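Visitor: coords below, sequence missing:
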């Protein structure tokens, strides 16, 4: 009886979160933490924790497709994970190989036009995993409705270090002048994979840190972050919708801040600079509370 009441409560809360839904992020990055701790809590083998975590990953892709999210990056295996015991590494590699091939052949992946890519130091991975990566990328490379990036042998510092070295070599050889180095130059040297900045980072398992994950794409975009206590195999759709709400709240706060700044600029700047500030104010005026919105009327952006 208690479980039934809990399920009904979850269903009602999920419906409430759906009603509050006002727009999805374009790019969600997920740190799938807690598979091993989940297994210990359940008193089962570590391998079962990873297997159940893989099932949650499949559910996540369904949720993203349902909400119209365009890109997902999954932190599947970091460079630090190579320090784990060999049997754990081999099981993860077997599971990754199996899932890549399964996804690449799945009708729902092709129906949803999912493009699968691997990002990271993939040359460090066993040959069988690299073969599975090539298979998945070849099978889905023509799609662009949902980009799925699998971070394997990935480390954010290593990615930035590799980009810096590449730029340094180009400068040293004379192919590139130092003053010509810009954001696009760096992005061209990063791992091929993410096509847009990260809007939302989700981490399960209770730790409140981003663990060297996508530092260029996430921090530069001031991505919203959502930390939650469920281990990855326990992560539910209701948790995902709460994460989306965190992103929406950050977006609302950002719009309000921009509108207030624009109002201050309109009041303070010289006439030559007012035009741009008025345009910003006109764009974000609806984000202001009603009392502040009334003050905007004297600064009609159309003037």
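Guide: Received it, and whenever you're ready, just let me know what you need. Please read all numbers here as calculations on a predicted model, not as lab measurements. Numbers count the residues shown, from 1 in each chain.
Visitor: Who are the packing partners of the helix or strand hosting residue 159?
Guide: Element membership for residue 159, per DSSP states H and E: helix 156-172. Contacts defined by 3 or more CB pairs under 8 Å, 6 or more residues apart in numbering; DSSP states H and E place helix 156-172 against helix 183-189, helix 215-219. Bear in mind the C-beta positions are built from the backbone N, C-alpha and C, glycine included.
Visitor: Now for residue 70: which residues touch it?
Guide: By CB atoms under 8 Å, 6 or more residues apart in numbering, the contact set of residue 70 is 26-27, 145-147, 196.
Visitor: Put the buried members of those residues into a ChimeraX selection.
Guide: Selecting the buried subset of those in ChimeraX, with 16 or more other CB atoms under 10 Å as the burial test, is done by:
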select :26,27,146,147
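Visitor: same question for stretch 32-51, mean pLDDT?
Guide: In this model, stretch 32-51 has an average pLDDT of 94.
Visitor: Ends of it, what's the gap?
Guide: One end of stretch 32-51 sits 12 Å from the other (CA to CA, to the nearest Å).
Visitor: residues making contact with it?
Guide: For stretch 32-51, the external contacting residues (CB under 8 Å, 6+ apart) are 52-53, 56-57, 74-76, 88, 91-92, 95, 203-207, 230-234.
Visitor: same thing but at 10 Å, please
Guide: Stretch 32-51 is contacted from outside by 52-54, 56-57, 60, 74-76, 84-85, 87-88, 91-92, 94-96, 98, 202-207, 209, 211, 227-235, using CB atoms under 10 Å, 6 or more residues apart in numbering.
Visitor: What subset of those residues is buried?
Guide: Neighbour counting with 16+ other CB under 10 Å marks 52-54, 56-57, 60, 74-76, 91-92, 95-96, 202-205, 227-228, 230-235 as buried within the contacts of stretch 32-51.
Visitor: if we can go back for a sec, pull the residues that contact the helix holding residue 159.
Guide: 75, 78-79, 119-121, 151, 155, 175-178, 180-181, 185-191, 193, 210-219.
Visitor: can you do 6 Å?
Guide: The contact list for helix 156-172, computed with CB atoms under 6 Å, 6 or more residues apart in numbering, reads 176, 178, 181, 186, 189-191, 212-213, 215.
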